[in-house]
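Colleague: Predicted model, plus sequence, below.
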Amino acid sequence: MRSLANFILFQLGWFVAVLYPGQLAALAGVTIVAAHLMFISAFPQREFRFILMATVLGSVLDVLHQNLGILSFPGHEGAYASGMIPAWLVMLWAVFATAVNHCLYWMRHYRLVLFGLPPFAGALAYAAAERVGTIEIGYGLWGIVAIGIGWGLIYPVLVRISQWLESIEEAPLHEQRW
């Protein structure tokens with residue numbers, strides 16, 4: 001039941017961020033993460049640390065994409081200094097981080113899926129956001145490929161960080177899903 005609730009909140013966070021980028025999406029992200037930590041997570045302190053780490057890493061990836069001209073935000077040209085992305089996108093990374101140990105937990109048991117699905121799913125999510133006008137992806141198909149490569153690299157790292165946090169804190173339960 002917790003995984004289903006997490007999936008619903010994760011999807012809600014993504015749709016709000018993509019359809020209403022700005023302060024509303026950032027506030028929704030904060031609210032979703034807080035609700036997740038209070039009502040879904042069995043290990044809120046550990047998961048909070050994971051969410052912080054994942055949010056930083058994901059934000060760094062998107063800053064890199066922005067600075068390389070792969071990612072831009074229409075209607076906000078010049079609003080974000082070099083090295084900055086919108087708050088709603090930072091919070092979307094935090095919302096995504098809640099899914100890694102819950103509705104996406106199953107992926108860590110299948111190496112082919114762990115390494116093969118994120119490049120396509122990540123690139124598809126960004127392409128969908130571009131389609132509705134939330135973001136712009138530079139360099140056409142090559143920009144989407146670059147985003148996919150970034151996701152192919154970052155997702156296994158996030159899973160490894162999650163496993164590391166499990167190993168240094170409480171003894172992990174079999175299939176605990178945090």
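Modeller: Cool, the structure landed.
Colleague: Kindly list the single helix or strand of this structure that scores lowest on mean pLDDT.
Modeller: Every helix and strand in the chain was compared by mean pLDDT, DSSP states H and E; the lowest is strand 71-72, with a mean of 94.
Colleague: What average pLDDT does the helix or strand just after it get?
Modeller: Downstream of strand 71-72, the next assigned helix or strand under DSSP states H and E is helix 87-100. Mean pLDDT, taken over the full extent of helix 87-100, equals 97.
Colleague: got it, and stretch 15-23?
Modeller: 96.
Colleague: For it, list every residue counted as buried.
Modeller: Buried residues in stretch 15-23, defined by neighbour count with 16 or more other CB atoms under 10 Å: Val16, Ala17, Val18, Pro21. Yep, even glycine has a C-beta here, placed from its N, CA and C like the rest.
Colleague: How about residues contacting the least confident helix or strand of the chain?
Modeller: In this structure, residues lying in contact with strand 71-72 by CB atoms under 8 Å, 6 or more residues apart in numbering are Asp62, His65, Gln66, Ile85, Tyr126, Ile135, Glu136, Ile137, Gly138, Gly143, Ile147.
Colleague: Make CSV from those and add secondary structure to it.
Modeller: Output for the contacts of strand 71-72, formatted as CSV (DSSP: H, G, I helix; E, B strand; the rest coil):
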residue, secondary structure
Asp62, helix
His65, helix
Gln66, helix
Ile85, coil
Tyr126, helix
Ile135, coil
Glu136, strand
Ile137, strand
Gly138, coil
Gly143, helix
Ile147, helix
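Colleague: Mark which of those are buried, thanks.
Modeller: Buried among the contacts of strand 71-72 by 16+ other CB under 10 Å: Asp62, His65, Gln66, Ile85, Tyr126, Ile135, Glu136, Ile137, Gly143, Ile147.
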